[in-house]
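[1] quick one: sequence and predicted model below, then my questions.
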Amino acid sequence: MNGEKRMQDIRIRRMTLDDVDRVADIEQATFARPWSRESFRQEMERNRAARYLVAEKDGRVIGYAGAWIILDESHITNIAVAEEERGRGVGRMLTEALMQYISNLGAAYATLEVRVSNERAQRLYKSLGFVSVGKRKRYYEDNGEDAFLMVCEHMPDAEADFEEEETIKPDEEPEDA
């Protein structure tokens, strides 16, 4: 994913600190145990392994997806779409764009966990090449639900002309970076 990806009236781009409040709002409305605004801020400012993308429609963030990349390994941390935009392919666009992005950064495969009850997400992941390789018992703290561990070993080919854009300017770098 070089620069940004546009489909229909939706733009996929790298997340910036300016997006944290809206991303946290979507997270809060989506998950029983949501990450805090501060968690997303820390991911952006301090976690060098973290990469996040947002989907934007009419200038407003409507979804996001994130992953951690360490060498050739990647773990998709979270994907969420604003409730009013669900069922329109935004989650697929974000996941495809994230997979391309992490492949461009050298990831040979991706892992994720998904609730056993979240059949919609499981169908999406399977359609993108993920396979279930195990179950994590009582993975979700809110209700003790199990999670499927899924892996995709067939990542998109890296784009030869990929150049990663910075999201934090040098003068914004945290003091202990």
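    Structure received. Numbers count the residues shown, from 1 in each chain.

[2] helix, strand or coil for the closest residue to L128 other than its chain neighbours?
    What sits nearest to L128 in space, not counting adjacent residues and going by Cβ to Cβ, 6 or more residues apart in numbering, is T95, at 6.0 Å. All C-beta spots, glycine's among them, are computed from the backbone N, C-alpha and C. Assigned with DSSP: H, G, I helix; E, B strand; the rest coil, T95 falls in the helix class.

[3] count the residues that sit near T95.
    Neighbourhood size, T95 [other Cβ atoms under 10 Å]: 23.

[4] next: E83.
    Count around E83 with other Cβ under 10 Å applied: 11.

[5] what helix or strand is the residue lying closest to it once chain neighbours are set aside on?
    Residue nearest to E83 in three dimensions, not counting chain neighbours: A29, with 6.3 Å by Cβ to Cβ, 6+ apart. Element membership for A29, per DSSP states H and E: helix 20-30.

[6] buried residues in that helix?
    20, 22-24, 26-27, 30 (16 or more other Cβ atoms under 10 Å).

[7] repeat that for stretch 94-104.
    So, applying 16+ other Cβ under 10 Å, buried residues of stretch 94-104: 94-104.

[8] check which helix or strand covers V61.
    Residue-wise, V61 maps onto strand 60-70 under DSSP H and E.
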